[in-house]
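Asker: just coords:
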């Protein structure tokens with residue numbers, strides 16, 4: 001190949017890599033976060049949802065406002081590496097439900113609260129895995 005073709009190929013490669021990185025940053029891809037969607041499919045309001053999480057020694061707790069029956073909320077937590085979380089839901093009648101799961105950056109957790117338990121559906125980059133019951 002001629003030197004001009006090699007230089008042109010290198011310049012095009014650098015421009016494409018830069019554009020890809022810029023697009024990923026604008027779209028929020030590859031961020032060390034976990035998105036959690038909590039859906040209340042019980043027949044009563046949720047007094048509160050508490051999500052405690054731990055990753056690389058970093059711990060945190062998210063408290064949500066009450067969630068009406070049939071409604072959902074979306075949360076995001078900072079997770080720099082693999083970790084875990086525990087979801088504790090308090091129903092209007094006082095019942096307390098718990099469940100949790102393993103998480104990594106990029107995961108999308110769908111937590112469904114019903115009258116008797118919490119079901120977790122984890123999106124592992126396009127592949128869903130269902131968890132029912134409790135790990136604790």
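Answerer: Noted; the coordinates are in hand. Nothing here was measured: the structure is a model prediction, and the numbers come from that model.

Asker: wait, is residue 54 part of a helix?
Answerer: No. If the criterion is DSSP: H, G, I helix; E, B strand; the rest coil, then residue 54 is strand and not within a helix.

Asker: who's in contact with it?
Answerer: 60, 83, 84, 85 (C-beta atoms under 8 Å, 6 or more residues apart in numbering). No exception for glycine: its C-beta is placed from N, CA and C like everyone else's.

Asker: The residues you listed: which two are farthest apart?
Answerer: 60 and 84 (12.0 Å; C-beta to C-beta).

Asker: Which residues are in contact with each of these two?
Answerer: Common neighbours of residue 60 and residue 84 (C-beta under 8 Å, 6+ apart) are 53, 54.

Asker: If you average pLDDT per helix and strand, which one of the chain comes out bottom?
Answerer: Ranked by mean pLDDT, DSSP states H and E, the weakest helix or strand in the chain is strand 127-132, scoring a mean of 51.

Asker: what bridges to the residue positioned nearest the centre of the chain?
Answerer: Centroid check for the chain by C-alpha atoms, centre = their mean gives residue 35 as the closest residue, at 2.4 Å. Residue 35 has these beta-bridge partners by DSSP bridges: residue 76, residue 108.

Asker: any idea how far it is from residue 90?
Answerer: 23 Å (C-beta to C-beta, to the nearest Å).

Asker: Three-state assignment for residue 4, please.
Answerer: Going by three-state DSSP: residue 4 is helix.

Asker: and it, what is it in contact with?
Answerer: So residue 4 contacts nothing (C-beta under 8 Å, 6+ apart).

Asker: quick one on the thing from earlier: which of the contacts of residue 54 fall within strands?
Answerer: 60, 83, 84, 85 (DSSP state E).

Asker: Now for the spatially closest residue to the first one that is not a sequence neighbour, how many residues are close by?
Answerer: In this structure, residue 60 finds its nearest non-sequential neighbour in residue 53, 5.6 Å apart by C-beta to C-beta, 6 or more residues apart in numbering. Here the number of neighbours of residue 53 (other C-beta atoms under 10 Å) works out to 21.
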